[in-house]
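Asks: need a structure here:
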Amino acid sequence: MENLQTFAAKFADPNDGRLFLSALKGLYDQSRCTILNHAGLVITATAGTKTAKTGAAITYGTVKGRLFSIAAGADMPEPAGVVADGTSNVFCFFANEAGESIDATKMTVLMGTAGATIDLIKFPKFPEGKTLIGFIIVTVSGGATFTGGTTALGAANIATVYVSPDGNFDPSATF
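Replies: Numbers count the residues shown, from 1 in each chain. Model prediction:
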């Protein structure tokens with residue numbers, strides 16, 4: 001793919017070139033920041049079951065067009081935030097930079113906005129220049145509360161679903 005700035009500079013009207021760049025910037029960023037294989041997120045045992053970890057295989061992806069890998073069984077950062085009783089929410093894990101065997105210190109976790117049902121959850125704004133590794137959906141019931149970094153993901157009345165998208169995923173993409 002030709003460099004977008006080089007292509008936009010060919011427009012006769014520079015304003016058209018700027019409009020073109022702004023329209024495609026997010027899509028271009030997504031194509032440079034993508035997961036290349038299934039992370040296989042599962043509950044971890046090493047962090048007191050308070051976060052997710054990658055599955056049994058090395059995970060590969062790109063950040064800003066550069067490769068990264070995450071070792072099999074690597075812990076994700078601990079979620080931060082509270083999910084109240086009777087609601088569900090997502091915690092999204094992102095790779096911040098390229099490199100071999102990156103760990104949780106080179107990742108970010110962002111919480112969405114809770115919903116009474118999963119279809120009412122709002123994903124957080126995905127940060128530019130970072131790659132979505134996967135996310136967890138935490139559903140709380142029975143008078144419990146989930147507090148990230150404190151409550152175990154498998155605690156009573158806490159249901160956790162682990163999702164590892166393959167390739168690009170952007171819940172904000174609408175028509």
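Asks: can I see the domain layout of the chain?
Replies: 1-32, 35-163 (automatic domain parsing).
Asks: any idea of the pLDDT on the most centrally placed residue in the chain?
Replies: When C-alpha atoms, centre = their mean is applied to the chain, the residue found nearest the centroid is Leu132 (3.2 Å). Model confidence at Leu132, expressed as pLDDT, equals 94.
Asks: that's a helix at it, yeah?
Replies: No: counting by DSSP: H, G, I helix; E, B strand; the rest coil, Leu132 is not part of a helix but strand.
Asks: now do it against Phe126, distance only.
Replies: Distance, Leu132 to Phe126, using C-beta to C-beta, to the nearest Å: 6 Å. (C-beta placed from N, C-alpha, C; glycine too.)
Asks: common neighbours of those two, please.
Replies: Overlap of the contact sets of Leu132 and Phe126 (by C-beta atoms under 8 Å, 6 or more residues apart in numbering) consists of 92, 94.
Asks: what does the helix ranked longest in the chain contact?
Replies: Counting residues, the longest helix in the chain under DSSP state H turns out to be helix 14-32. Under the criterion C-beta under 8 Å, 6+ apart, residues 1, 4-5, 7-11, 62-65, 128-129, 168, 170 lie in contact with helix 14-32.
Asks: let's see that with 10 Å instead.
Replies: 1, 3-5, 7-11, 13, 62-66, 126-132, 167-170, 172-173 (C-beta atoms under 10 Å, 6 or more residues apart in numbering).
Asks: kindly supply the PyMOL command isolating those of those residues that are buried.
Replies: A single PyMOL command selects the buried members of these (16 or more other C-beta atoms under 10 Å):
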select buried, resi 8+62+63+126+130+131+132+169
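Asks: mind listing which of the contacts of helix 14-32 are in strands?
Replies: 62-63, 66, 131-132 (DSSP state E).
Asks: now the residues you listed as a markdown table including distance to Ala152?
Replies: Converted to a markdown table, those look like this (distance: C-beta to C-beta, whole Å):
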| residue | distance to Ala152 |
| --- | --- |
| Thr62 | 33 |
| Val63 | 30 |
| Arg66 | 35 |
| Thr131 | 27 |
| Leu132 | 24 |
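Asks: so which two of the residues you listed are the farthest from each other?
Replies: Maximum pairwise distance in these, criterion C-beta to C-beta, is 16.1 Å, between Arg66 and Leu132.
Asks: residue ranges with poor pLDDT in this protein?
Replies: For the chain, the stretches with pLDDT under 70 are 1-2, 45-48, 174-175.
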